[in-house]
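# Next one to model:
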Amino acid sequence: RLLWDSSLLLDNKKLLREFGPLFESVRSLRESGPLKNKIISFRDSDYQEKIVRLLNFTQRLKSLVGQEEIAQALRLLDLTQRLKSLVGQEEIAQALRCPVVVRFDPWKLAWYCHGDQVVAVAARDLSKAQEFAQTHKILRAYGSYEELARDPDIDVVYVGTIHPHHLQVSLLFMEHNKNILCEKPLAMNLREVNELLDGAWKSKVFLMEAVWTRFFPASLEISRLLSQNAVGKLKFFRAEFGVNLLGVSRSVKKDLGGGALLDIGIYCIQMALMVFDGERPESIQATGVLLDTGVDEAIVVTLRFSGQRLAVCTCTISAELPNEALIVGTSGTIKVPAHLWCPTSLIVSGVETQFPLPPPDLPLNFLNSTGMRYEAEEESRRMSHADSQLLAEIMDDARRQVGVIYDQDIAPAAALH
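Presented below is the predicted three-dimensional model:
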């Protein structure tokens with residue numbers, strides 16, 4: 001069952017022929033009135049996955065738009081490129097008309113790094129917010145997220161709280177119609193991710209999971225190389241991320257959302273999904289060891305994809321690992337040297353290329369943090385809602401297999417005070 005509404009339609013005879021009964025149902029339903037909350041069904045499994053991928057992409061476009069006259073003038077290059085890869089007919093992509101509406105200009109996110117004014121900062125401790133504001137010459141500092149949410153001058157909010165607070169803090173900002181870039185993981189589990197996506201949809205605000213790695217120039221180059229079969233047919237992916245975080249309370253305490261997988265293993269899993277172009281794995285196998293606090297100290301997750309292809313992701317918060325990734329094809333390899341979560345070089349079949357980052361103006365809290373500008377300049381093409389859902393689903397399954405259960409897996413998170 002697929003739920004559509006009248007603001008998102010694909011109306012083209014060639015597409016109707018390609019996708020058959022689904023689009024015929026859309027056409028008939030449109031003639032009977034708005035499509036909201038009406039059910040469209042199809043049975044042919046041969047094109048079911050193709051349709052779902054198409055819908056995920058058009059839903060992402062819908063989240064970025066809001067004015068019909070703008071949409072009518074847009075030439076949706078990314079959509080046509082995606083359609084060409086989905087249906088294999090260039091004339092279909094060229095003929096496509098997609099009446100979507102632009103509500104929010106995602107490029108407003110560029111205030112994060114490009115000199116536009118950062119209006120305010122908030123923390124639960126006002127003194128910390130004030131200190132941060134003074135260091136970065138920010139005009140306003142708030143001692144609560146509620147105050148920030150009520151500020152009428154705020155267009156976009158970056159949510160960087162600890163993991164268990166992502167849900168309630170983001171919902172608070174949605175209630176005040178703020179667009180949101182939320183630090184990874186988007187939420188503690190798939191149920192919370194879906195709650196956030198529903199909230200963004202109802203509030204008609206932009207929401208993206210801030211998986212900054214995906215937006216680095218090196219990551220863009222990986223996608224380009226794989227799309228051009230530069231290393232032949234993809235066969236295997238391996239990534240490991242390990243650092244000693246046992247002295248960091250938020251990494252080891254269950255009530256703070258600790259654990260290797262949610263904290264750093266997510267970088268390995270998301271890269272595997274990026275390499276395999278968002279494909280859902282056929283199987284997920286996980287094994288690991290837990291700390292006395294009940295969170296995972298180390299975990300290995302093996303994903304099997306179609307065509308006998310594998311991804312092996314290893315992470316630990318108790319030891320240093322090489323922190324590299326390797327992509328293996330039938331005719332070459334792509335190595336991501338340390339540090340895979342913020343890559344600045346690639347070695348493609350033995351040839352290294354550098355991707356230097358802009359220099360920082362102030363001391364950084366984290367390695368290569370000037371690379372955060374890339375996710376601030378982007379919107380959800382590289383990290384879609386569907387990507388966030390699949391990422392959360394895989395991590396939920398892996399945690400279940402090794403026995404990591406958070407309070408949020410049992411009951412909804414309590415509201416913040």
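# name the element Phe236 belongs to?
Using DSSP states H and E, Phe236 sits in strand 234-242.
# In terms of secondary structure, what does that strand contact?
helix 266-275, strand 309-316, strand 325-329 (3 or more C-beta pairs under 8 Å, 6 or more residues apart in numbering; DSSP states H and E). Backbone N, C-alpha and C define where each C-beta goes, glycine included.
# if we go to 10 Å?
Using 3 or more C-beta pairs under 10 Å, 6 or more residues apart in numbering; DSSP states H and E, the elements in contact with strand 234-242 are helix 266-275, strand 296-305, strand 309-316, strand 325-329, strand 333-336.
# so what strands line up beside that strand?
strand 309-316 (parallel), strand 325-329 (antiparallel) (DSSP bridges).
# beta partners of the residue nearest to Val205 when sequence neighbours are not counted?
Nearest non-adjacent residue to Val205, counting by C-beta to C-beta, 6 or more residues apart in numbering: Asn179, 5.0 Å away. Beta-bridge pairing for Asn179 (DSSP bridges): Val156.
# show me where pLDDT drops low in the stretch 51-200 of the chain?
The model of the stretch 51-200 of the chain has pLDDT under 70 over residues 51-117.
# Which stretches in it count as strands?
Secondary structure of the stretch 51-200 of the chain (DSSP state E, counting those that start in this stretch): strands located at 120-122, 140-142, 156-159, 179-183.
# most tightly surrounded among those?
strand 179-183 (a mean of 23; mean count of other C-beta atoms under 10 Å).
# Ignoring the adjacent residues along the chain, who's closest to Leu246?
For Leu246, the closest residue by C-beta to C-beta, 6+ apart turns out to be Ser318, at 5.7 Å.
# I figured the one you found was touching Gly259, is that so?
No. Between Ser318 and Gly259 there is no contact under C-beta atoms under 10 Å: 11.7 Å.
# Could you name every residue contacting both of these two?
Listed as contacting both Ser318 and Gly259 by C-beta atoms under 10 Å, 6 or more residues apart in numbering are 251-252, 291, 297.
# Now for Asp396: which residues touch it?
Applying C-beta under 10 Å, 6+ apart, the residues near Asp396 are 188-191, 193, 261, 284, 404, 409.
# do Phe355 as well
Phe355 makes contacts with 216-221, 343-346, 371, as judged by C-beta under 10 Å, 6+ apart.
# same thing with Glu192?
By C-beta under 10 Å, 6+ apart, the contact set of Glu192 is 163-164, 166-168, 170-171, 185-186, 392, 406, 408-409, 412-413.
# try Glu240
For Glu240, the contacting residues are 265, 268, 300, 312-316, 321-326, 338, 340, by C-beta under 10 Å, 6+ apart.
# go with 8 Å
Applying C-beta atoms under 8 Å, 6 or more residues apart in numbering to Glu240 gives the contacts 268, 313-315, 321-325.
# PyMOL command to pick out the buried ones of those residues?
Written as a PyMOL command, the selection of buried residues from the contacts of Glu240, which uses 16 or more other C-beta atoms under 10 Å, is:
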select buried, resi 268+313+314+315+321+323+324+325
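# Let me know which of the helices and strands packed on strand 234-242 is tucked in deepest.
Most buried of the helices and strands packed on strand 234-242, by mean neighbour count (mean count of other C-beta under 10 Å): helix 266-275, with a mean of 25.
# Following element in sequence after that helix, please.
Remark: after helix 266-275, the chain's next helix or strand is strand 283-290, criterion DSSP H and E.
# Tell me the strands beside that following strand, with direction?
Strand 283-290 has the following strand partners under DSSP bridges: strand 296-305 (antiparallel).
# Show residues contacting the strand it pairs with.
Strand 296-305 is contacted from outside by 242, 259-261, 265, 268-269, 272, 276, 279, 281-291, 310-319, 394, 398-399, 402, 404, using C-beta under 8 Å, 6+ apart.
# per-domain residue ranges of the protein.
Structural domains annotated on the chain: 92-210, 213-409, as defined by the TED database.
# Who does Leu207 form a beta bridge with?
Bridge pairing for Leu207 - DSSP bridges - gives Ile180.
# didn't Cys315 look like it was pressed against Leu261?
Yes. Here Cys315 reaches Leu261: they are 6.4 Å apart, a contact under C-beta atoms under 8 Å.
# residues near Asp277, how many?
As a burial measure, Asp277 scores 13 neighbours (other C-beta atoms under 10 Å).
# returning to that earlier point: nearest to Leu357, of the helices and strands packed on strand 234-242?
The closest of those to Leu357 is strand 333-336. By C-beta to C-beta, the value is 15.0 Å.
# any idea how far Ser318 is from Ile154?
According to C-beta to C-beta, to the nearest Å, Ser318 stands 40 Å off from Ile154.
# let me fix that: Ala133
Taken as C-beta to C-beta, the span from Ala133 to Ile154 is 14 Å.
# likewise Lys128?
Separation of Lys128 from Ile154 (C-beta to C-beta): 19 Å.
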